[in-house]
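Enquirer: What would the 3D arrangement of this be:
(one chain, ligands or ions: 1)
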Amino acid sequence: MSPRRRRRGPLTPPKEVEMRIDNMLALVKDTARDLPGVYRMTSADGEVIYVGKSKALRTRLLSYFRAQFPKDKGARILREAATLEWEILPNEFSALHRELRLIKLLRPRYNVAMKRDARYHAFVRVSRGPAPRFHVVRGAGTDETGTYYGPFRGALQLEEALRELNDVLGLRDCKLDQPMHFADQPDLLPLPSRTPGCIRHEIGKCLGPCVGAVREDEYLARFRAAKEFLEGAHDAPLAPLRAQMEASSDALDFERAAVMRDKIKRLESLREQFARIRFALESLSFTYDVKGEKPEDARTYLIRRGRVRDEVPTPRTAAERRALDQRVAEVLSRTERSNATVPGHEVDEVLLVAAWFRKHPKELKKTKAIEVPKGDVLSA
Ligand code: SF4
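Expert: Residues are numbered from 1 along each chain as shown. Alright, predicted model coming up:
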């Protein structure tokens, strides 16, 4: 082939692909309307390869057919798709929520942007294992079974404040897979070596669970104290810092007193952030009515602590209203800790719900508060 001749092979779809694309285009032109909804593209062997949402489905779907191959992702998806289906939903929130649930369920390989929103937020994750520690992660990571505090903005400040907390309570902050060896552990194996370069135990900032310097129950008690502080239960970690600040001030060491004051401020601000998140999560508890194109399309979302617990057609009769009230009571009867934690698998949903009502404050007027029962465990 002459080097000047244009290679058209991969750019021109095979006849059969071309026919499939033409059929999908005809379907969109004939039947799709500019209403909110979700769509999915499925390959010839039945794999759902992409799920998307739009406020205006017809316009969005038609844009795939104008996309250029191979430059545009849309054109690449379309080439692999054998069928294109869509579902009309009452509004953009319904579409966003349905898209999220479908992506979680089907994990289509082209939906790489699934944790897009979560990546912009920082969370504090509690590690598992014999010597738990807090660590800051961006998004919810891949551990959907973990528990996360958040979402926060500003991972760096968060890390700094957690470092203070670890220092004051002697908690570890080394790698998650660092071997631990507690004082009450039988000496069957030689003591593991610390993280190279870590002198936190020597300088009194870590209890030293890696070198048998603390019993497991002592370490866990300190860890619990840190959690309780973050959940607003007490002020214990601030007491030694306040004492040191006063002592430095009495000794006219104002520089050290200022360092202590800054540490106290960082910890207080961390605790305030946790309190704000607790409040924000609690305030995201309501029913949310969404109107559809026709009265029978309207839906009511039952949202508790930022998570959609149920979705039902909006009641139109007294009996349907009673059924919804019963459902609300059922959901509320489940005891939940009212702290700033979100289960890992629900982080994306909390972010979606919070972002929706932040960007659309008028929508909040359509919500009806639900009363969280007195029996709910309040950890604050
Ligand atoms: S002293 Fe040991 S447990 Fe503490 S942070 Fe360092 S390596 Fe980790």
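Enquirer: residue contacts, the closest residue to residue 236 other than its chain neighbours?
Expert: Spatial nearest neighbour of residue 236, chain neighbours left out: residue 225 (5.6 Å); criterion: C-beta to C-beta, 6 or more residues apart in numbering. For glycine as for every other residue, the C-beta is placed from the backbone atoms N, C-alpha and C. Contact analysis of residue 225 by C-beta atoms under 8 Å, 6 or more residues apart in numbering lists 169, 234, 236, 237.
Enquirer: Any idea how many residues pack against residue 43?
Expert: Neighbours of residue 43 under the rule other C-beta atoms under 10 Å: 16.
Enquirer: typo on my end, residue 120
Expert: The number of residues near residue 120, taken as other C-beta under 10 Å, comes to 14.
Enquirer: Now do the SS call for the closest residue to residue 228 other than its chain neighbours.
Expert: Leaving aside its chain neighbours, residue 228 sits nearest to residue 234 (5.8 Å; criterion: C-beta to C-beta, 6+ apart). Of the three states, residue 234 takes coil under DSSP: H, G, I helix; E, B strand; the rest coil.
Enquirer: Over to residue 90?
Expert: Assignment for residue 90 (three-state DSSP): coil.
Enquirer: That one is in contact with residue 295, isn't it?
Expert: No - Residue 90 is not in contact with residue 295 according to C-beta atoms under 8 Å; the separation is 10.7 Å.
Enquirer: Following the chain onward from the helix-or-strand element of the chain with minimal mean pLDDT, which element is next?
Expert: Sorting the helices and strands of the chain by mean pLDDT, DSSP states H and E puts helix 116-119 at the bottom, at a mean of 55. Where DSSP states H and E defines the elements, the next helix or strand beyond helix 116-119 is strand 122-126.
Enquirer: Can you name the element that comes right after that following strand?
Expert: By DSSP H and E, the next helix or strand past strand 122-126 is strand 134-138.
Enquirer: so does that following strand get close to the ligand?
Expert: No - Strand 134-138 is not in contact with the ligand by C-beta under 6 Å from any ligand atom; minimum separation 12.0 Å.
Enquirer: Which strands or helices does that strand pack on?
Expert: The contact analysis (3 or more C-beta pairs under 8 Å, 6 or more residues apart in numbering; DSSP states H and E) places strand 134-138 against strand 122-126, helix 155-169.
Enquirer: Counting neighbours, which bits of the helix or strand where residue 327 lies end up buried?
Expert: If you go by DSSP H and E, residue 327 is part of helix 318-332. Under the neighbour-count criterion of 16 or more other C-beta atoms under 10 Å, helix 318-332 has 324, 327, 328, 331, 332 buried.
Enquirer: ok, which of these also contact the ligand?
Expert: Applying C-beta under 6 Å from any ligand atom to the buried residues of helix 318-332, none is adjacent to the ligand.
Enquirer: can I get the residues you listed in JSON lines with pLDDT and distance to residue 302?
Expert: Written out in JSON lines, the entries for the buried residues of helix 318-332 read as follows (pLDDT from 0 to 100; distance: C-beta to C-beta, whole Å):
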{"residue": "324", "pLDDT": "92", "distance to residue 302": "8"}
{"residue": "327", "pLDDT": "91", "distance to residue 302": "7"}
{"residue": "328", "pLDDT": "90", "distance to residue 302": "6"}
{"residue": "331", "pLDDT": "86", "distance to residue 302": "6"}
{"residue": "332", "pLDDT": "82", "distance to residue 302": "9"}
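Enquirer: Would you convert these into a markdown table that also reports distance to residue 108?
Expert: What follows is those, written out as a markdown table (distance: C-beta to C-beta, whole Å):
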| residue | distance to residue 108 |
| --- | --- |
| 324 | 33 |
| 327 | 31 |
| 328 | 33 |
| 331 | 29 |
| 332 | 34 |
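Enquirer: Residues of the stretch 151-300 of the chain that sit close to the ligand?
Expert: Within the stretch 151-300 of the chain, the residues that sit near the ligand (C-beta under 6 Å from any ligand atom) are 172-174, 178, 194-195, 198, 200-201, 206, 208-210.
Enquirer: List phi and psi for residue 224.
Expert: Geometry field for residue 224 lists phi and psi as phi -60, psi -40, criterion degrees, to the nearest 10.
Enquirer: try the one 10 residues further on
Expert: The main-chain torsion angles of residue 234 are listed as degrees, to the nearest 10 and equal phi -160, psi 180.
Enquirer: can you count the residues close to it?
Expert: By the measure other C-beta under 10 Å, the count of residues near residue 234 is 11.
Enquirer: before we move on, what about residue 77?
Expert: 20.
Enquirer: For it, what is the enclosing helix or strand?
Expert: According to DSSP H and E, residue 77 maps onto helix 73-80.
Enquirer: Pick the most deeply packed of the helices and strands packed on strand 134-138.
Expert: Burial of these is given as mean neighbour count (mean count of other C-beta atoms under 10 Å); strand 122-126 ranks first at a mean of 22.
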